[in-house]
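Student: Quick one: sequence and predicted model below, then my questions.
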Amino acid sequence: MIGSVDAETVNEVSAELSRTVRRLGLPEKLLVVHQFRVDMISDRSTLATGHDELALLIHGDGFGTPRQKLETWRRLRAEPLPGAWWGWKNFYAEDQPTVSPARTADIGPSPRVLSSQ
């Protein structure tokens, strides 16, 4: 089963994390939200991106051919979330073929975080 979450739940988590960071005097934290289908985060446009203590990253997860991954990236970014960062994930075994890190960095707009598994 593929998971999903609503923006209200993510906002509750980000508010709590923001309060914890502020209370403990910690440096800014990265909050990573994985998404590889548009319907995985309902009401995504209402995600809170204004916490000074946090950077919110939408992590384009999922696997497939380079063409499939680019199409997912385009769909996820069709309605960009102001103030959010973007990440990309490559899979060594599941992606056929795996996109190289150098090629991934050239994807427009370039992801701020690149992860591999």
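Tutor: Nice, I can see it.
Student: Check which element follows the worst-scoring helix or strand of the chain on mean pLDDT along the chain.
Tutor: Lowest mean confidence among the helices and strands of the chain (mean pLDDT, DSSP states H and E): helix 101-105, at a mean of 86. The helix or strand immediately downstream of helix 101-105 is strand 113-116, counting by DSSP states H and E.
Student: Now do the buried residues in the least confident helix or strand of the chain.
Tutor: Buried residues in helix 101-105, counted by 16 or more other CB atoms under 10 Å: residue 104. Glycine gets a C-beta too; all of them are placed from N, C-alpha and C.
Student: What of stretch 25-33?
Tutor: 31, 33.
Student: Tell me where this protein is predicted with low confidence.
Tutor: Within the chain, the ranges that satisfy pLDDT under 70 run 1.
Student: Contacts for the least confident helix or strand of the chain, please.
Tutor: Helix 101-105 is touched from outside by 66, 88, 90, 111, 114, 116, with contacts defined as CB atoms under 8 Å, 6 or more residues apart in numbering.
Student: List buried residues within the residues you listed.
Tutor: 66, 88, 90, 111, 114.
Student: Residue 86 is in contact with the fourth one, correct?
Tutor: Okay, so that is residue 111. Yes. The criterion here is CB atoms under 8 Å, and residue 111 meets it with residue 86 at 5.2 Å.
Student: Return the set of residues that bridge with residue 85.
Tutor: residue 57 (DSSP bridges).
Student: list the contacts for it?
Tutor: Taking CB under 8 Å, 6+ apart as the test, what residue 85 contacts is 55, 56, 57, 58, 112, 113.
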